[in-house]
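1. next input, structure requested:
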Amino acid sequence: MTQRPPLCIRPPLTAQAGLTLVELMVALVIGLVVVLAASTALVVSRNGFNNIDAAAQLRDNARFAEDVLQRLGVQAGFEDLINVATPAQSNVKALAGSATNVPNVFVYGFNNRARNDTQGWSEANAGGRAAGSVGFGSDILVLRFQTNPSSIDPSKSDGAVIDCSGSSPGLPPMDRYDRVTSVLHVRISPTDNEPTLMCTRWADSGAIDTQPLIRGVENFQVLYGVDGIAAGNSTLPPAATADSVPERYLRADQLTVTDPAVTVANWQRVRSIRIGMVIRAAANSAVDRTTQTFYPLGIAARSGGSPGSMFADAANDPGTVFTPAPDGRLRQVVTFTVHLRNTQGDT
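-> Numbering: from 1, shown residues only. Sure, this is the predicted structure:
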C-alpha cells in the first residue's frame with residue numbers, strides 16, 4: 001500500500017498589518033527630539049562661530065587702534081629742522097598767538113568731553129558728557145606735529161608723517177606754529193548708529209574733515225604721564241624739576257588751569273600717554289550674557305601719584321570703571337602706553 005505525501009496546507013491569506021496610532025506618535029516624538037537636538041547643535045555652533053569671528057574682529061580693531069595711536073604719538077612734537085634750529089622769541093614762546101590764546105602745545109586733551117565740527121582743535125563742548133549717554137566718560141586727545149619739506153620740491157612735504165586719517169599732508173609748515181593736528185574723540189556714527197572713535201583733521205585747504213576711524217569704541221580714556229608737576233599745578237614749574245621721566249599719570253583737567261601760560265607749561269611736561277578703550281562687537285556676538293565690569297586704564301594706582309591720578313577712579317574720572325548693560329555684545333579692553341619721542345616744548 002503506497003503512502004501519499006502529506007498535504008501542504010497553505011495558511012489563509014490575511015490583510016497586511018500597519019502602524020498603530022501609539023507607534024506613530026512615538027516615532028514622531030523621537031523624530032522631533034532628533035530634529036530639536038540637531039537644531040540646538042546648529043544654533044550653538046553658529047553662536048560659537050559668531051563669537052570667534054567677533055573676537056577676531058575686535059583683536060584686529062585693537063591692533064589697528066594701537067598702531068595708529070602709537071604712530072601719531074611718536075610724531076607728536078616733531079618740528080621742521082629750520083624751526084628746531086632757530087629759537088622762538090620769548091614774547092611768543094608760551095602761546096602761539098597772544099591775541100588768540102591758542103596753546104602752543106603738541107599734546108592736548110579734554111576729560112569726559114565731546115566736540116562738534118565747528119570747533120577748533122583746542123575747543124570742546126561745555127560741560128561733561130551726560131551720564132548714561134553713549135560715550136559717557138570718554139575723553140578727547142589732540143596730537144600735533146609738523147611736516148618736513150621735500151628735499152626735491154621744498155613747496156611740498158616729504159610725505160613721511162601722517163594724520164589720523166592715514167593721509168600725508170602735502171604742504172610744508174608755513175611758520176613755526178603751523179602744525180598738522182589730529183583730534184581723536186568718540187561720537188555716534190551717523191551711518192550705523194554705533195559709537196565710533198572719530199578722526200578730525202584739518203586738510204591743506206583748511207577745511208575740517210571728520211571721519212570714522214574705529215567702529216564700536218564706546219569708551220575712550222586718556223591719562224598723561226607728567227614730569228615734575230603735581231595735579232592742578234598753578235605755577236610755572238622750574239626747569240630743575242624735569243628729568244624726562246614721568247612720575248605720575250594725570251587727567252586732562254588736572255593739567256589745564258586758569259593761567260594760560262601755566263597750562264602750556266603743564267602740557268609741555270607730558271612725557272607719555274596712557275590710552276584705554278572698550279570696543280564692542282555686533283549684537284548677539286557674546287556667549288556670556290552676564291553683567292561685566294571693565295577697567296580700560298587698569299585698576300592699580302601709579303606709585304607716588306596725587307589724588308585723582310589712579311587708573312581706575314570712577315568718582316573723579318567717569319568711564320575708568322565701565323559697566324555696560326548686558327546686551328549680548330562681546331567687548332574687549334585695549335590698554336597701552338605711548339612714550340613720546342619728541343620734546344613737547346618750543347625751542
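
2. where does pLDDT dip in this structure?
-> Applying pLDDT under 70 to the chain picks out residues 1-18, 46-49, 84-102, 300-310, 346-347.

3. in contact with the residue nearest the centre of the chain, which residues?
-> The chain has residue 277 as the residue nearest its centroid, 4.4 Å off, counting by CA atoms, centre = their mean. Counting by CB atoms under 8 Å, 6 or more residues apart in numbering, residue 277 makes contact with 62, 65, 197, 217, 219, 220, 221, 296, 333, 334, 335. C-beta: built from backbone N, CA, C; applies to glycine.

4. filter these down to just the ones in helices.
-> 62, 65 (DSSP state H).

5. for the contacts of residue 277, could you give me TSV that also reports distance to residue 110 and neighbour count?
-> Listed next are these as TSV, based on distance: CB to CB, whole Å; neighbours: other CB atoms under 10 Å:
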residue	distance to residue 110	neighbour count
62	24	18
65	19	21
197	15	27
217	16	26
219	15	28
220	11	27
221	12	27
296	17	25
333	22	17
334	20	22
335	20	17
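
6. list the contacts of residue 160.
-> Shown in contact with residue 160 (CB under 8 Å, 6+ apart): 147, 148, 168.

7. any quick PyMOL command for the buried ones out of these?
-> Buried members of these, defined by 16 or more other CB atoms under 10 Å, are picked up in PyMOL with:
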select buried, resi 147+148
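
8. and the contacts of residue 160, which is closest to residue 56?
-> Of all the contacts of residue 160, residue 56 sits closest to residue 168, with 29.8 Å by CB to CB.

9. so the closest one sits against residue 156, correct?
-> No - counting by CB atoms under 8 Å, residue 168 sits too far from residue 156 to count as a contact (10.2 Å).

10. circling back to that earlier point, closest one of the contacts of residue 160 to residue 162?
-> Distances from residue 162 to the contacts of residue 160, taken by CB to CB, are shortest for residue 168, at 5.2 Å.

11. skipping its backbone neighbours, what lies nearest the closest one in space?
-> The shortest distance from residue 168 to any residue other than its chain neighbours is 4.2 Å, reached at residue 159 (CB to CB, 6 or more residues apart in numbering).

12. and the gap between the nearest residue to residue 131 once chain neighbours are set aside and residue 129?
-> Leaving aside its sequence neighbours, residue 131 sits nearest to residue 318 (CB to CB, 6+ apart; 7.3 Å). Residue 318 is 8 Å from residue 129, where distance means CB to CB, to the nearest Å.

13. now do residue 191
-> Taking CB to CB, one finds residue 191 at 21 Å from residue 129.

14. neighbouring strands for the strand or helix carrying residue 108, and are they parallel or not?
-> According to DSSP states H and E, residue 108 maps onto strand 107-110. Using DSSP bridges, strand 107-110 pairs in its sheet with strand 140-145 (antiparallel).

15. which residues touch the strand it pairs with?
-> 72-73, 75-79, 105-110, 113-115, 121-122, 124, 161, 164, 179-185, 220, 222, 252, 273, 275, 342.

16. filter those down to just the ones in strands.
-> In this view, the contacts of strand 140-145 that belong to strands under DSSP state E are 107-110, 180-185, 220, 222, 273, 275.

17. now the terminal residues of stretch 248-259, how far apart.
-> Stretch 248-259 has an end-to-end distance of 22 Å (CA to CA, to the nearest Å).

18. let me fix that: stretch 175-195
-> Start-to-end, stretch 175-195 (CA to CA) is 37 Å.
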